[in-house]
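S.K.: predicted model follows, preceded by the sequence.
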Amino acid sequence: MVGLMTVPAILLTLIMTSTLPAQMAIARSQGLAQRKSPPKLSTPSTTLPKVVIEQLRQDVRQYEPYAPRDDFKIVKVQPRGLNSCLNLPRFQEVCSPKTTQGWRVQFTFNRKTWIYHTSRDRGSRLNIAETIGKPAQTAIAQARQDAAARSQTSAQHWQVLETKPIAWSLCSGGPEGPTQPIRGAMCVGSPVLGWRLKLKHEGQTWVYYGVRAEQGQQTDFGLDDTQSVSPKLVQQVIQATQRESPRPHQGFRLFEAQQITWPDSCLGTTRTKPACQPIAVPGWRIAVMGADSMLWQFHTGLDGDVRFQQSGSWLPPP
């Protein structure tokens with residue numbers, strides 16, 4: 001009769017129905033087990049050789065020598081093909097194009113973010129541009145205001161030629177760093193990170209340096225006088241020195257320069273000033289030196305008007 005089931009069919013149906021809840025329970029337990037035990041993922045630090053990690057720790061401490069050693073955490077590691085300069089050439093460095101396996105590593109140390117290029121066999125180099133970024137526009141604006149005040153011009157006339165992130169030594173300055181004062185005693189200092197800012201107005205190109213400020217503070221740019229005086233004006237001073245000196249062929253060179261605002265039209269060179277107008281005149285105090293260690297000092301305007309002031313023997317500081 002249609003619709004009626006045989007005894008074996010009824011038994012098979014009962015068996016299948018009775019085992020279904022158990023099968024569902026097993027499937028649920030397996031799913032929970034999978035969710036509770038996700039596959040293990042490698043952390044950024046496990047993808048780098050230990051010797052490379054230690055290399056990074058040692059290198060970054062030159063910038064933060066007093067920071068706790070354990071304040072070091074790798075955030076991101078990216079494989080990179082790196083040339084002999086680790087894709088970060090230094091000043092006037094010639095790099096071989098042959099690449100080796102390396103990494104771009106981002107980590108935190110002393111509450112700052114650092115980005116390095118590193119390899120097992122070629123060392124590590126800080127990516128300064130990515131690490132410190134750009135200076136605040138307010139800091140650049142203050143430098144332009146400073147240049148305008150010194151030159152008695154308008155800040156809007158000073159154009160930004162360069163804003164370059166660099167590292168330099170507080171003792172030697174380095175090939176791209178600021179001019180260092182002449183010291184007699186031994187200098188001890190850590191390298192610093194910051195920017196070289198070049199401003200231009202007419203025939204003047206002035207160089208400013210600013211150290212990266214701590215979090216929540218602003219970088220202050222300072223004028224590097226000796227790097228800012230124009231080579232053309234320095235040459236005029238050297239020619240004037242050759243006329244004043246009894247030994248004009250000594251290979252005179254720039255010793256130092258100081259940007260200054262003179263109090264009168266005589267540029268501060270005449271003691272009795274019957275013809276000097278009491279007006280502020282922006283200019284330079286420039287000193288050149290020859291092979292005999294004689295120092296020759298001149299007062300000038302910004303672009304010329306070279307006037308001899310004095311000369312004398314120079315002795316290095318003790």
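M.R.: In hand now; what should we look at?

S.K.: just the CA atoms of stretch 306-318, as PDB, please.
M.R.: Presented in PDB, the C-alpha positions along stretch 306-318 are these (Å, rounded to 0.1, in the frame of the first residue of the first chain):
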ATOM      1  CA  VAL A 306      84.500  95.900   2.900                       C
ATOM      2  CA  ARG A 307      86.300  97.900   5.600                       C
ATOM      3  CA  PHE A 308      89.400  96.700   7.500                       C
ATOM      4  CA  GLN A 309      89.100  96.700  11.300                       C
ATOM      5  CA  GLN A 310      92.100  95.000  12.900                       C
ATOM      6  CA  SER A 311      94.600  92.200  12.700                       C
ATOM      7  CA  GLY A 312      96.500  90.100  15.300                       C
ATOM      8  CA  SER A 313      98.000  86.700  16.100                       C
ATOM      9  CA  TRP A 314      95.500  84.000  16.900                       C
ATOM     10  CA  LEU A 315      96.100  81.300  19.500                       C
ATOM     11  CA  PRO A 316      93.800  78.300  19.900                       C
ATOM     12  CA  PRO A 317      91.800  78.000  23.100                       C
ATOM     13  CA  PRO A 318      93.500  75.900  25.800                       C
END
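
S.K.: in that stretch, what's buried?
M.R.: Going by neighbour count (16 or more other C-beta atoms under 10 Å), the buried part of stretch 306-318 is Val306, Arg307, Ser311. The way it works is simple: take the backbone N, C-alpha and C, and place the C-beta from them, glycine included.

S.K.: now pLDDT and secondary structure too, for those, in a markdown table please.
M.R.: As requested, these are exported to a markdown table (pLDDT from 0 to 100; DSSP: H, G, I helix; E, B strand; the rest coil):
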| residue | pLDDT | secondary structure |
| --- | --- | --- |
| Val306 | 94 | coil |
| Arg307 | 93 | strand |
| Ser311 | 92 | strand |
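
S.K.: could you pull out the helices for the protein?
M.R.: 7-36, 50-60, 128-132, 137-151, 225-228, 231-244 (DSSP state H).

S.K.: just put the buried residues of stretch 306-318 in CSV and tack on distance to Cys187.
M.R.: Below are the buried residues of stretch 306-318 laid out as CSV (distance: C-beta to C-beta, whole Å):
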residue, distance to Cys187
Val306, 33
Arg307, 35
Ser311, 29
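
S.K.: ok now stretch 282-297, how far from the chain's centre?
M.R.: What separates the centre of stretch 282-297 from the centre of its chain is 31 Å, taken as C-alpha atoms, centre = their mean, to the nearest Å.

S.K.: contacts only, for the closest residue to Trp168 other than its chain neighbours.
M.R.: Of all residues not flanking Trp168 in the chain, Gly177 sits nearest, at 2.7 Å (C-beta to C-beta, 6 or more residues apart in numbering). By C-beta atoms under 8 Å, 6 or more residues apart in numbering, Gly177 lies in contact with Ile166, Ala167, Trp168, Ser169, Arg196, Tyr209.

S.K.: count of residues packed around the second one?
M.R.: What that stands for is Ala167. Ala167: 19 surrounding residues under other C-beta atoms under 10 Å.

S.K.: ok, it touching Leu193?
M.R.: Yes: between Ala167 and Leu193 there is a contact under C-beta atoms under 8 Å: 5.3 Å.

S.K.: between the two, which contacts overlap?
M.R.: With C-beta under 8 Å, 6+ apart as the test, Ala167 and Leu193 both reach Tyr63, Ile128.

S.K.: please report how far Val211 lies from Pro135.
M.R.: 10 Å (C-beta to C-beta, to the nearest Å).

S.K.: which residues are in contact with each of these two?
M.R.: Shared between the contact lists of Val211 and Pro135 (criterion: C-beta under 8 Å, 6+ apart) are residues Thr219.

S.K.: more neighbours: which of these two?
M.R.: Set side by side, Val211 and Pro135 show more neighbours around Pro135, with 20 against 17, by other C-beta under 10 Å.

S.K.: wait, that one sits on Tyr208?
M.R.: No: with contact defined as C-beta under 8 Å, Pro135 does not reach Tyr208; the gap is 10.1 Å.

S.K.: residue ranges with poor pLDDT in the stretch 51-200 of the chain?
M.R.: 183-186, 188 (pLDDT under 70).

S.K.: if we use 90, what do you get?
M.R.: Within the stretch 51-200 of the chain, the stretches with pLDDT under 90 are 65-71, 91, 121, 169-176, 180-191.

S.K.: hey, where'd the strands end up in it?
M.R.: Secondary structure of the stretch 51-200 of the chain (DSSP state E, counting those that start in this stretch): strands at 72-82, 100-109, 112-119, 123-126, 159-169, 191-201.

S.K.: select, out of those strands, the one closest to Leu233.
M.R.: strand 191-201 (14.8 Å; C-beta to C-beta).

S.K.: and that closest one, C-alpha only, in CSV?
M.R.: Output of strand 191-201 as CSV, limited to C-alpha atoms (Å, rounded to 0.1, in the frame of the first residue of the first chain):
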residue,chain,number,x,y,z
PRO,A,191,74.8,62.7,17.3
VAL,A,192,71.6,64.6,16.9
LEU,A,193,68.8,64.6,14.3
GLY,A,194,67.4,67.7,12.7
TRP,A,195,67.1,69.7,9.5
ARG,A,196,69.1,72.0,7.4
LEU,A,197,67.0,74.9,6.1
LYS,A,198,68.2,77.2,3.3
LEU,A,199,66.5,80.5,2.6
LYS,A,200,67.2,82.7,-0.4
HIS,A,201,66.5,86.4,-1.1
